[in-house]
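S.K.: Here's my sequence, what's the structure:
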Amino acid sequence: MITHKKMHGIWRIIASPVLTEIIAQSGFNFQILDCEHGAYDYQTLETDIRTCDLYNCLPIIRVSGLNNVEVQRCLDLGAGGIVFPQLTNFDDFQHATKLLNYAPEGLRGYNPFVRASNYGISDKTKKNLNPLCIPIIETLTAVNDLDKILTLDRIDAIYIGSYDLSAQLGCIGQMDNPKLIELTNLIIKKCNDASKPVGLMINDVNQHKNYKQKGVTIFVNKVDSYQIKNTFTNIIKQYII
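M.R.: Residues are numbered from 1 along each chain as shown. Next comes the predicted model:
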């Protein structure tokens, strides 16, 4: 469940139960396991989901798109939520919400013998029978439909895809570009006005403080690959004169 309480997580592109365990033990609230750009397949995904569960760290999966079978398999493995990328308009966002629900409200197929349903033995249901729906706002056409998108109750939170938005704005990778900052602030305000939790990626404590004051409550502390390389680079720099 996502509330307006502050949450911290990290983006994952390296499939590794050891790394998942280290991050979870470190106190992060969630990990986003990336099936769009990351090195995950269903086997490694299941292992990292299990590891997150051991430490009460929410496993959220970024799927590659609006693929019913892919979403369903991730949910059957026990994903606590789904991040949907590259949605372009209200219809896409509405379709994403339907992929998370069983009939008659949605399109999700039901199989009681998978991990998400405790393999058909226990009467207890797992928390991910109501998985989180977290679509990414990363296209300008989606921004144009944002007011309507925010009326969808099944959306639990909005994630701002700053890097793709920078490309759409013609300032690719320029995270401090005024156009991108202005658009980011607009999205945050609209989410706040609609009482919808909103999240984004931050680079440092100053950005955290800035966006926290603006109403952001979900913070992604960059990507595992970057954090690892940055840490080791800074270590070796100490010994280079």
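S.K.: Give me the nearest residue to the residue positioned nearest the centre of the chain, chain neighbours excluded.
M.R.: Taking Cα atoms, centre = their mean as the criterion, residue 83 is the residue nearest the geometric centre of the chain, at 4.5 Å. In space, residue 83 comes closest to residue 62 once its chain neighbours are excluded; the distance is 4.0 Å by Cβ to Cβ, 6 or more residues apart in numbering. To be clear about C-beta, it is placed using only N, CA and C from the backbone, and glycine gets the same treatment.
S.K.: can you check residue 38 too?
M.R.: With Cβ to Cβ, 6+ apart as the measure, residue 13 is the residue that lies nearest to residue 38, at 3.6 Å, once sequence neighbours are left out.
S.K.: and the one you found, how many neighbours?
M.R.: For residue 13, the number of neighbouring residues by other Cβ atoms under 10 Å comes to 18.
S.K.: Contacts only, for it.
M.R.: With contacts defined as Cβ atoms under 8 Å, 6 or more residues apart in numbering, residue 13 is in contact with 34, 37-39, 223-225.
S.K.: and residue 134, how many neighbours?
M.R.: Considering only other Cβ under 10 Å, residue 134 is surrounded by 24 other residues.
S.K.: what pairs with the helix or strand where the residue nearest to the centre of the chain lies, and is each one parallel or antiparallel?
M.R.: Here residue 83 is covered by strand 81-84, with elements defined by DSSP states H and E. Taking DSSP bridges as the criterion, strand 81-84 forms sheet pairs with strand 58-62 (parallel), strand 132-137 (parallel).
S.K.: Would you reformat those strands as CSV and include mean pLDDT?
M.R.: Compiled in CSV, the strands paired with strand 81-84 are given as follows (pLDDT from 0 to 100):
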stretch, mean pLDDT
strand 58-62, 98
strand 132-137, 98
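S.K.: CSV please, covering the ones you listed and showing distance to residue 184.
M.R.: Listed next are those as CSV, based on distance: least, Cβ to Cβ, whole Å:
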stretch, distance to residue 184
strand 58-62, 19
strand 132-137, 10
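S.K.: Residue 217: which of the ones you listed is closest?
M.R.: Checking the strands paired with strand 81-84 against residue 217 by Cβ to Cβ gives strand 132-137 as the closest, at 12.5 Å.
S.K.: Tell me the gap between that closest one and the middle of its chain.
M.R.: Its chain's average C-alpha position is 7 Å from that of strand 132-137, according to Cα atoms, centre = their mean, to the nearest Å.
S.K.: Tell me which stretches of this structure form strands.
M.R.: Assignment of strands within the chain using DSSP state E yields the ranges 7-12, 30-34, 58-62, 81-84, 132-137, 158-160, 198-201, 218-223.
S.K.: returning to what we had before: pretty sure the residue nearest to residue 83 sits against residue 85.
M.R.: Yes - here residue 62 reaches residue 85: they are 6.2 Å apart, a contact under Cβ atoms under 8 Å.
S.K.: Show me which of these two is the more surrounded one.
M.R.: residue 62 (24 against 21).
S.K.: Show me where the chain dips below the pLDDT cut-off.
M.R.: Scanning the chain for pLDDT under 70 picks out 1-4, 122-128, 241.
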